[in-house]
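In: Turn this into a structure:
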Amino acid sequence: MIQFLARTAEQAAAAIAAGCTWIHCADPSQLDAMIEPCREADVILTLQGSPSKVMDTRIHGVVLASSDISAAEAREFLGPHAIIGCNVTTLFEILNLAPLDVDFFVLDAPAAQCGEIVRLARSKGVEQRISALNGTREHLDAGADALLTSDLSVV
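Out: As a prediction, the model looks like this:
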């Protein structure tokens, strides 16, 4: 699965035209221009780190950084239907967040390290999707479930 990381509405439109089914908006100022094209194409739309904007716009969900509100607070605020992802860099972070009602992780790690983290997470019972940030085919081959990328050639 490809989750396209769009910084502009034009990038989101190009990814949708290429067949991408999940857009992740990296810039909240661009979100409003992405909503209608995503709805028309039945594309999942998530936003980086602003649960209140997710609630206001009724998009699918949010991806939280460690400096944002906690995943538990986001779930309580957004409700059970919202998609909640968390940016992580270590196995420790995944293991701490996995028991919460989190839908997926965005792992920022090189392919070899990503593979080892995914393998260890699975051995500890983690079932959530693990998407590789700026991932490549090597990340998928190493065990990542999806890629979160801004590279249209991957779509």
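In: what about the strands in the chain?
Out: In the chain, strands defined by DSSP state E lie at 2-6, 22-25, 44-48, 61-64, 83-88, 104-107, 129-133, 146-149, listed in chain order.
In: Now render the ones you listed as TSV, adding mean neighbour count, mean pLDDT and distance to residue 13.
Out: The way it works is simple: take the backbone N, C-alpha and C, and place the C-beta from them, glycine included. Supplementary listing: these in TSV, determined by neighbours: other Cβ atoms under 10 Å; pLDDT from 0 to 100; distance: least, Cβ to Cβ, whole Å:
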stretch	mean neighbour count	mean pLDDT	distance to residue 13
strand 2-6	24	95	9
strand 22-25	26	97	9
strand 44-48	21	97	12
strand 61-64	26	98	20
strand 83-88	23	98	21
strand 104-107	25	98	22
strand 129-133	23	97	22
strand 146-149	22	94	17
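In: Just send those back as a markdown table, with distance to residue 75 too.
Out: Conversion of the strands of the chain to a markdown table gives the following (distance: least, Cβ to Cβ, whole Å):
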| stretch | distance to residue 75 |
| --- | --- |
| strand 2-6 | 20 |
| strand 22-25 | 18 |
| strand 44-48 | 14 |
| strand 61-64 | 10 |
| strand 83-88 | 6 |
| strand 104-107 | 13 |
| strand 129-133 | 16 |
| strand 146-149 | 20 |
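In: Could I get the contacting residues of the most far-flung residue of the chain relative to its centre?
Out: Using Cα atoms, centre = their mean, the residue of the chain lying farthest from its centre is residue 123. It sits 22.2 Å away. The contact partners of residue 123, by Cβ atoms under 8 Å, 6 or more residues apart in numbering, come to none.
In: how close does it sit to residue 86?
Out: Residue 123 sits at a distance of 20 Å from residue 86 (criterion: Cβ to Cβ, to the nearest Å).
In: go on, residue 38?
Out: Distance, residue 38 to residue 86, by Cβ to Cβ: 22 Å.
In: cool, and residue 141?
Out: Relative to residue 86, residue 141 is positioned 24 Å away (Cβ to Cβ).
In: same thing with residue 11?
Out: Noted for residue 11: a distance of 23 Å to residue 86, by Cβ to Cβ.
In: Also residue 9?
Out: As for residue 9, its distance to residue 86 is 25 Å (criterion: Cβ to Cβ).
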